[in-house]
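*Asks:* predicted model follows, preceded by the sequence.
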Amino acid sequence: MQDKKSYINSAIKTINTEIEGLTSLLDFFDENYIKAVDLILNCKGRIVFSGMGKSGHIANKIAATFASTGTPSFFIHPGEASHGDLGMITSDDVVILLSNSGETKELKDIIYYCRRFDIPIIGIIRRLESELTKTSTIALVLPLIPEANSINAPTTSTTMMLALGDALAVSLIEAKGFSSEKFGTFHPGGKLGSNFLKVQDLMRKNSEIPLVTEDKKMSEVLLEMTSKHLGCTGVIDSKNKLIGIITDGDLRRHIDNNFLSHSASDIMTKNPITTSPQNLAVEAIAVMNRKSITSVFALDEQQNIVGILHLHDCLRSGVV
């Protein structure tokens, strides 16, 4: 029976071999890489990826990374391409083909189509002497590092292809100045997307904003607070500018026999914490946590009240 410690030994050997493959890429980047980035940057259409088998899976992932970081891309399966999907590729596109051997027969129809209509091809290959190397407009030939197993199953090679795809994506991100805000628009779902939501996306607006004038009696203040269900109300002056806030805590601190005879200006906390509607919600939450508050009013550049953000709204949207 095999010694179970050999499981760990083979795992370490696999990682070390793949590290060797990744390290070899440090000396890989040359003029061809620069040309490939420029070709993609100047593409008027989309970047079309294709590959067969494991290379196809890697191509699909790289296409997804490109698309989510500002370079419109999609994956086309070689088999489907040969049965009508070649029509998805236009003369404005750039095609990126991944092949370990460079001789993948399923890619030949795509190669012929691209040559016929003068569509540029970037080949990502491991063999210098191969059909794909010869027919590519730009050939990115990876260093020939052994696979991490005795049967030559794609391991090191696919890791290197994936890393090269990430390198291309990051080069494009930096060349385009692709911002985190734009990245957020492509990721509206899940935690990643919620991190890019702005205050204006979550804040309550118009009639949902609890507000009273500074001369209002506490009976009216209580009515406003309970009807808006936020545990607070803003206090405004005659010019509708925010001058204070009254919270549940303020009410508890000022309860006495003459409580209802007080006006809003007597109870309010002056100069409340505010935020901009353009700020990220996560930034507003950080302020609320730091100040131990649950609501913050949003003011525009003219200091007009445009909304109120409550911690519960952030929780519901998955920001917290």
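*Replies:* In hand now; what should we look at? Keep in mind the model is a prediction, meaning the values are calculated, not measured.
*Asks:* can you give me the helices in the stretch 101-250 of the chain?
*Replies:* Shown for the stretch 101-250 of the chain, the helices assigned by DSSP state H, counting those that start in this stretch span residues 108-116, 131-135, 156-176, 180-185, 190-194, 199-202, 218-228, 248-254.
*Asks:* could those helices go into CSV alongside distance to I308?
*Replies:* All C-beta spots, glycine's among them, are computed from the backbone N, C-alpha and C. Formatted as CSV, those follow (distance: least, CB to CB, whole Å):
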stretch, distance to I308
helix 108-116, 55
helix 131-135, 59
helix 156-176, 35
helix 180-185, 22
helix 190-194, 19
helix 199-202, 10
helix 218-228, 9
helix 248-254, 15
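*Asks:* looking only at pLDDT, what's the mean for the host helix or strand of N9?
*Replies:* Element membership of N9 [criterion: DSSP states H and E] is helix 5-24. Averaged across helix 5-24, pLDDT comes to 94.
*Asks:* all further residue positions should be reported with the first residue as 8.
*Replies:* Sounds good: first residue 8 from here, last item helix 12-31.
*Asks:* and the very next helix or strand once past that helix, which residues are buried?
*Replies:* Toward the C-terminal end, the helix or strand that comes next after helix 12-31 (DSSP H and E) is helix 38-48. Under the neighbour-count criterion of 16 or more other CB atoms under 10 Å, helix 38-48 has 40, 43-44, 46-47 buried.
*Asks:* check stretch 162-180 too.
*Replies:* 162-172, 175-176, 178-180.
*Asks:* got the CA coordinates for stretch 71-87 in PDB?
*Replies:* Provided in PDB are the C-alpha atoms of stretch 71-87 (Å, rounded to 0.1, in the frame of the first residue of the first chain):
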ATOM      1  CA  ALA A  71     -14.200  36.400 -18.400                       C
ATOM      2  CA  THR A  72     -11.400  38.400 -16.700                       C
ATOM      3  CA  PHE A  73     -11.000  40.600 -19.700                       C
ATOM      4  CA  ALA A  74     -14.700  41.300 -20.000                       C
ATOM      5  CA  SER A  75     -15.000  42.200 -16.300                       C
ATOM      6  CA  THR A  76     -12.100  44.600 -16.400                       C
ATOM      7  CA  GLY A  77     -13.000  46.800 -19.400                       C
ATOM      8  CA  THR A  78     -12.000  44.700 -22.400                       C
ATOM      9  CA  PRO A  79     -15.100  43.300 -24.100                       C
ATOM     10  CA  SER A  80     -14.400  39.600 -24.800                       C
ATOM     11  CA  PHE A  81     -16.100  36.300 -25.200                       C
ATOM     12  CA  PHE A  82     -15.200  32.600 -25.600                       C
ATOM     13  CA  ILE A  83     -16.200  30.600 -28.600                       C
ATOM     14  CA  HIS A  84     -15.900  26.800 -28.600                       C
ATOM     15  CA  PRO A  85     -13.900  25.400 -31.600                       C
ATOM     16  CA  GLY A  86     -16.500  22.800 -32.300                       C
ATOM     17  CA  GLU A  87     -19.400  25.300 -32.300                       C
END
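*Asks:* residues contacting that stretch, please?
*Replies:* Residues external to stretch 71-87 that are found in contact with it (CB atoms under 8 Å, 6 or more residues apart in numbering): 47, 52-59, 63, 66-67, 69-70, 92, 95-96, 111, 113-114, 116-117, 172-173, 175-176, 179-180, 183, 185, 189-190, 193-194.
*Asks:* distance of the nearest residue to I250 once chain neighbours are set aside relative to A305?
*Replies:* Taking CB to CB, 6 or more residues apart in numbering, and ignoring the residues beside it in sequence, I250 has D244 as its nearest neighbour in space, at 5.1 Å. Counting by CB to CB, to the nearest Å, the gap from D244 to A305 is 18 Å.
*Asks:* neighbour-wise, which of those two wins?
*Replies:* Ranked by neighbour count (other CB atoms under 10 Å), D244 and A305 place A305 first, with 25 against 13.
*Asks:* next one: stretch 285-298 to chain centre, how far?
*Replies:* 20 Å (CA atoms, centre = their mean, to the nearest Å).
*Asks:* can you list the residues that contact that stretch?
*Replies:* 201-209, 280, 282, 301-303, 316, 318, 321, 324, 326-327.
*Asks:* just want the angle from the helix or strand hosting A66 to helix 163-183.
*Replies:* Following DSSP H and E, one finds A66 within helix 61-75. Going by axes from the mean of the first three to the mean of the last three CA atoms, to 10 degrees, helix 61-75 is angled at 20 degrees with respect to helix 163-183.
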